[in-house]
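A.B. asks: task: produce atomic coordinates for the following.
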Amino acid sequence: MPEDLSCTDRRLIQRLHGDLPLLERPYAAVGAELGLAEDEVIARLQRLLADGVLTRFGPLFQIERAGGCFVLAAMAVPAERFDAVATAVNARPEVAHNYRREHRLNLWFVAAATSPEAVEEAMRAIEADTGLPVLRFPKEREFFVELKLPLGAPRHEADHAAG
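C.D. replies: Numbering: from 1, shown residues only. Here you go, the predicted structure:
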């Protein structure tokens, strides 16, 4: 977490980590708990996303229960082509993001679609667009691990007053 995050932003992130109330106006309920207006909660989340403090904010679905499919994938991308290939992979609507790894298989991503056939079509399109093979690692078994990392206190006393 960036050091310049306000106490209020830290409290908001910690409060929303894994538990958004299932109400008609969940941001109003969270705001009431934290002493914030609903529109301020939404504005803060939008700013945290825009600033890259949060990379994603949204629900996690078990897509298979709705007939969809997730597939973990990896590629061996030449270093000089990495940025271009990562951009091409991320351009696919089935791909939310990718990860760079220090390994021969240096680009990892998850593709999700409404069916296994649609995921396979996306994988083939990525191979055609990049000229590189995509290794597929379909999910065989699911484990639920809820990882909640504490944000810690701000490092600067001024953050306490900045709220």
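A.B. asks: which ones are touching Met75?
C.D. replies: Val85, Val89, Leu105, Asn106, Leu107, Trp108, Ile126, Thr130, Leu132, Pro133, Val134, Leu135 (CB atoms under 8 Å, 6 or more residues apart in numbering). C-beta coordinates here come from the backbone N, C-alpha and C atoms, glycine included.
A.B. asks: mind listing the helices for the chain?
C.D. replies: Using DSSP state H, the helices of the chain run over residues 7-16, 26-34, 38-50, 82-90, 116-130, 157-162.
A.B. asks: make JSON lines out of the ones you listed and add distance to Ala66, mean pLDDT and mean neighbour count.
C.D. replies: JSON lines is the format used below for these (distance: least, CB to CB, whole Å; pLDDT from 0 to 100; neighbours: other CB atoms under 10 Å):
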{"stretch": "helix 7-16", "distance to Ala66": "24", "mean pLDDT": "93", "mean neighbour count": "18"}
{"stretch": "helix 26-34", "distance to Ala66": "22", "mean pLDDT": "97", "mean neighbour count": "17"}
{"stretch": "helix 38-50", "distance to Ala66": "25", "mean pLDDT": "96", "mean neighbour count": "15"}
{"stretch": "helix 82-90", "distance to Ala66": "24", "mean pLDDT": "96", "mean neighbour count": "16"}
{"stretch": "helix 116-130", "distance to Ala66": "13", "mean pLDDT": "96", "mean neighbour count": "16"}
{"stretch": "helix 157-162", "distance to Ala66": "42", "mean pLDDT": "45", "mean neighbour count": "12"}
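A.B. asks: can you put these in TSV and add distance to Lys139?
C.D. replies: Formatted as TSV, these follow (distance: least, CB to CB, whole Å):
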stretch	distance to Lys139
helix 7-16	26
helix 26-34	29
helix 38-50	27
helix 82-90	19
helix 116-130	11
helix 157-162	41
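A.B. asks: how about those helices, which one is nearest Arg100?
C.D. replies: Evaluated with CB to CB, the helices of the chain place helix 82-90 nearest to Arg100, the distance being 7.0 Å.
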